[in-house]
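S.K.: build me a model:
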Amino acid sequence: MSHEFDPTRRALSVSAALALLGFPLITISACGGGGSPSAPNNPPPTTNPPTPGDEVGNVAANHGHTATITAAQLQAGNALSLDIRGSATHPHRIDVSGAEVVAIRGGQRVSVNSTTEDGHNHSVTFN
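M.R.: Numbers count the residues shown, from 1 in each chain. Take a look at the predicted model:
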């Protein structure tokens with residue numbers, strides 16, 4: 001049996017290799033560690049992490065809003081009007097009375113409603 005160089009066969013091999021390399025590589029990766037089948041709906045992180053002593057409110061039905069009362073604002077105990085836009089594409093404001101600021105500073109749970117923008121509002125709960 002003779003092994004002669006067949007240029008057609010080599011061209012086919014190179015073509016086949018190039019065709020295989022042209023297909024996208026699909027990688028499926030799973031996160032290890034088990035756990036529940038669906039993770040809880042956590043709000044997105046704040047754009048600027050709060051400093052110690054700040055009070056971060058929990059924004060219901062959140063899609064990027066952040067509500068933070070600074071430690072200095074808590075200490076002052078004055079009424080506040082806070083912009084809670086965060087990373088959302090639209091603003092909302094919440095008004096917190098001086099008495100509510102003092103209650104939040106004292107560890108009491110306080111909920112306030114935001115202004116209505118884009119046809120919706122949010123309930124914000126501190127503590």
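S.K.: is it fair to say Val101 lies in a helix?
M.R.: Yes: per DSSP: H, G, I helix; E, B strand; the rest coil, Val101 lies within a helix segment.
S.K.: quick one: the closest residue in space to it that isn't next to it in sequence from Ala61, how far?
M.R.: Nearest residue to Val101 in three dimensions, chain neighbours excluded: Gly77, at 5.3 Å (C-beta to C-beta, 6 or more residues apart in numbering). No exception for glycine: its C-beta is placed from N, CA and C like everyone else's. To Ala61, Gly77 is 29 Å away according to C-beta to C-beta, to the nearest Å.
S.K.: do the same with Gln73
M.R.: Noted for Gln73: a distance of 25 Å to Ala61, by C-beta to C-beta.
S.K.: now Ser123
M.R.: 8 Å.
S.K.: also Asn78?
M.R.: Using C-beta to C-beta, Asn78 is found at 28 Å from Ala61.
S.K.: got it, and Arg85?
M.R.: Arg85 is 15 Å from Ala61, where distance means C-beta to C-beta.
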